[in-house]
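using only what follows, build the 3D model:
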Amino acid sequence: MAGNPKITFIGAGSTVFMKNIIGDVLQRPALAGAKIALMDINSQRLEESAIVARKLALTLGASATVETFTDQRQALDGADFVVVAFQIGGYEPCTVTDFEVPKKYGLRQTIADTLGVGGIMRGLRTVPHLWKICEDMLAVCPEAIMLQYVNPMAINTWAIAEKYPTIKQVGLCHSVQGTAMELAKDLDIPFNEIRYRSAGINHMAFYLKFEHRQPDGSYRDLYPDLVRAYREGRAPKPGWNPRCPNKVRYEMLTRLGYFVTESSEHFAEYTPYFIKEGRDDLIEKFGIPLDEYPKRCIEQIARWKNQAEQYRSADKIEVAQSKEYASSIINSVWTGEPSVIYGNVRNNGCITSLPHNCAAEVPCLVDASGIQPTFIGDLPPQLTALIRTNINVQELTVQALMTENREHIYHAAMMDPHTAAELDLDQIWSLVDELLATHGTWLPEWARNDRKDQAA
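Here you go, the predicted structure:
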């Protein structure tokens, strides 16, 4: 396309993430003159992000312009691409609530942003705000592509597709490419010699192929090597977080025959097998980091205080290419140069063993025609069966949002594998009631209404 794209960033107060995305964008020659519109409701964080974005452009010698907005529709006006990254309710009070209330019932979690009662509550808080972005996009930039980086990714993507089917959207996560890099490291193989193909749903996709290119150009299956390395204690190798040794996924590889793309700390709470009352032996054996996400939030808040001052005082801000897909998508759509990414989209038959309307994570071709998901077919039956247990929760949460029927919130919670393995029905109903009451106005009004009121 001619000219420079307008890229609107909703939730630009997430300065470190904004820095990664905008830094990636401005390193691409065709995008160096982009018009960057940063929007956030927190004026201080917005100002900090604008300083960072302008210093990035200066460092890279890019001619990009940066504007700030507190009004969402103004920021979106005329946008070609809309990047969304926010957390409704923040660490305090909402993340704390999502952990501390379930703990009173004996329900322990690790991350609580995707599935389980924490993921359900986050979906209820988040989707109405995403829908408002869709409304504004239809009014002022109906052809723009939404690049959505918000959790719970699958619930969000599904809910947007249900209510605003004409919005061009893709949910983006770095778990597929990030895990592939981890596995290459575990096997001491250069990442650029790895070939893989993954499919499923966000945070529960599996590598259907994971292979190493040989000197003669052929490819060798690496699954036997991964299993052998795990059984011999050579894998997983220590990662970036010593609290998270990543053993759960390797154990599931030996049971399912395939490796899942999201981390062990996430995966432990998507299944009923690892976090169990009275089974501290499992917690220790697999190194499961209970209450991990609140710990990360506290660490990130402390770290940001130092980073903000460093960014403010620095003349230039050096930036390396990140592993996020956003700049690749924007570049491919804008220039026509093709790329392949892993995106979350409405399934529409891409994975034939999963529901047609669920949010699937599949390889997508991106070029001037936009984001084009590729056909996968049936997944292995054991993978389909496990994924469906998570889809049940996602589907009922989306149904609750679409119909404004509070009963479906209870249904979603009772279908959650981890919750159902720990709590009886009365406990689940009481837990949901307490979570809804404690979150209060962070939730839509219909979700806050008493069940008796709805029945009347």
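
what sits against the residue nearest to Lys168 when sequence neighbours are not counted?
The shortest distance from Lys168 to any non-neighbouring residue, by Cβ to Cβ, 6 or more residues apart in numbering, is to Ile145 (4.6 Å). From N, CA and C alone the C-beta is placed, and that goes for glycine too. Applying Cβ atoms under 8 Å, 6 or more residues apart in numbering, one finds that Ile145 lies in contact with Asp80, Phe81, Val82, Lys168, Gln169, Val170, Ile329, Val333, Gly370, Ile371.

ok, residues contacting whichever strand or helix holds the last one?
Here Ile371 sits within strand 370-373, counting by DSSP states H and E. By Cβ under 8 Å, 6+ apart, the list of residues contacting strand 370-373 from outside reads 145, 168, 170, 329, 333, 341, 343, 345, 348, 350, 360, 362-366.

which among these end up buried?
145, 168, 170, 329, 333, 341, 343, 345, 350, 360, 362-364, 366 (16 or more other Cβ atoms under 10 Å).

present the residues you listed as a markdown table; the columns should include distance to Cys94 and secondary structure.
Formatted as a markdown table, the buried ones among the contacts of strand 370-373 follow (distance: Cβ to Cβ, whole Å; DSSP: H, G, I helix; E, B strand; the rest coil):
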| residue | distance to Cys94 | secondary structure |
| --- | --- | --- |
| Ile145 | 28 | strand |
| Lys168 | 29 | strand |
| Val170 | 26 | strand |
| Ile329 | 29 | helix |
| Val333 | 34 | helix |
| Ile341 | 30 | strand |
| Gly343 | 27 | strand |
| Val345 | 27 | strand |
| Cys350 | 33 | coil |
| Ala360 | 28 | strand |
| Val362 | 31 | strand |
| Pro363 | 33 | strand |
| Cys364 | 31 | strand |
| Val366 | 34 | strand |
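
max pairwise distance over the residues you listed: which two?
Spatially, the most separated pair among these is Val333 and Ala360, at 20.7 Å (Cβ to Cβ).

before we move on, the earlier item: pairing partners for the strand holding Ile371, with directions?
Using DSSP bridges, the strands paired with strand 370-373 are strand 359-367 (antiparallel).

make sure Pro215 is indeed in a strand.
No - Pro215 is assigned coil when assessed by DSSP: H, G, I helix; E, B strand; the rest coil, not a strand.

circling back to that earlier point, nearest to Ile409, of the buried ones among the contacts of strand 370-373?
Closest to Ile409, out of all of these and judged by Cβ to Cβ, is Ala360, at 23.8 Å.

now do the same contact list for that closest one.
Ala199, Gly200, Ile201, Asn344, Val345, Arg346, Asn347, Cys350, Ile351, Leu354, Pro373, Ile376.

okay, it: pLDDT?
On pLDDT, Ala360 comes in at 98.

quick check: it vs Pro338, distance?
For Ala360, the distance to Pro338 equals 21 Å [Cβ to Cβ, to the nearest Å].

now Leu423: how far from Ser430?
As judged by Cβ to Cβ, Leu423 and Ser430 stand 9 Å apart.

grab the two from the contacts of strand 370-373 that are most spread out in space.
Maximum pairwise distance among these (Cβ to Cβ): 20.7 Å, between Val333 and Ala360.

just confirm Leu383 contacts Tyr258, I think it does.
Yes - applying Cβ atoms under 8 Å, one finds Leu383 in contact with Tyr258, separated by 6.1 Å.

who touches both of the two?
Residues within reach of Leu383 and of Tyr258 at once, by Cβ under 8 Å, 6+ apart, are Phe206.

now do Asn241 against Lys295, distance only.
For Asn241, the distance to Lys295 (Cβ to Cβ) stands at 10 Å.

and for those two, which residues touch both?
Pro289.

quick check: longest helix of the protein.
Using DSSP state H to define each element, the chain has its longest helix at helix 116-140.

for the residue nearest to Gly78 when sequence neighbours are not counted, grab the count of nearby residues.
Closest residue in space to Gly78, ignoring its immediate chain neighbours: Lys6 at 5.6 Å, by Cβ to Cβ, 6+ apart. Look at Lys6: counted by other Cβ atoms under 10 Å, it has 21 neighbours.

go on, Val227?
Using other Cβ under 10 Å, Val227 has 16 neighbouring residues.

same check on Asn449?
14.

and it, what is it in contact with?
By Cβ under 8 Å, 6+ apart, the contact set of Asn449 is Arg406.

take the contacts of Ala360 and lay them out in TSV including secondary structure.
Shown next, in TSV, are the contacts of Ala360 (three-state DSSP):
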residue	secondary structure
Ala199	strand
Gly200	strand
Ile201	strand
Asn344	strand
Val345	strand
Arg346	strand
Asn347	coil
Cys350	coil
Ile351	strand
Leu354	coil
Pro373	strand
Ile376	coil
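
who's in contact with the residue nearest to Gly78?
By Cβ under 8 Å, 6+ apart, the contact list for Lys6 reads Ala34, Lys35, Ala37, Gly78, Ala79, Asp80, Phe81.

now these: which count as buried?
Counted by 16+ other Cβ under 10 Å, the contacts of Lys6 give Ala34, Lys35, Ala37, Ala79, Asp80, Phe81 as buried.

mind putting those in a markdown table, pLDDT and distance to Lys132 included?
Listed next are the buried ones among the contacts of Lys6 as a markdown table, based on pLDDT from 0 to 100; distance: Cβ to Cβ, whole Å:
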| residue | pLDDT | distance to Lys132 |
| --- | --- | --- |
| Ala34 | 98 | 24 |
| Lys35 | 98 | 23 |
| Ala37 | 98 | 17 |
| Ala79 | 98 | 15 |
| Asp80 | 98 | 20 |
| Phe81 | 98 | 18 |
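
tell me the one among those nearest to Asn246.
Closest to Asn246, out of all of the buried ones among the contacts of Lys6 and judged by Cβ to Cβ, is Phe81, at 33.6 Å.

tell me the bridge partners for the closest one.
Where Phe81 sits in a bridge, its partners, by DSSP bridges, are Ile7, Ile145.

test my guess that it contacts Asn4.
No - using Cβ under 8 Å, Phe81 is not in contact with Asn4; the gap is 11.6 Å.

contacting residues around Asp416?
Leu115, Gly116, Val117, Ile120, Val393.

measure the first one to Glu434 for me?
Remark: distance between Leu115 and Glu434 (Cβ to Cβ) = 19 Å.

pick out whichever of the two has more residues nearby.
When neighbours are counted by other Cβ under 10 Å, Leu115 comes out ahead of the other of Leu115 and Glu434, with 31 against 15.

hmm, the more buried one is touching Thr271, no?
No - at 9.6 Å, Leu115 does not count as touching Thr271 under the criterion of Cβ under 8 Å.

can you list residues touching both of those two?
With Cβ under 8 Å, 6+ apart as the test, Leu115 and Thr271 both reach His418.

low-scoring stretches of the stretch 1-150 of the chain, by residue?
Along the stretch 1-150 of the chain, no part satisfies pLDDT under 70.

show me where the stretch 101-250 of the chain has its strands.
In the stretch 101-250 of the chain, the strands defined using DSSP state E, counting those that start in this stretch lie at 145-148, 168-171, 194-201, 204-213, 219-221.
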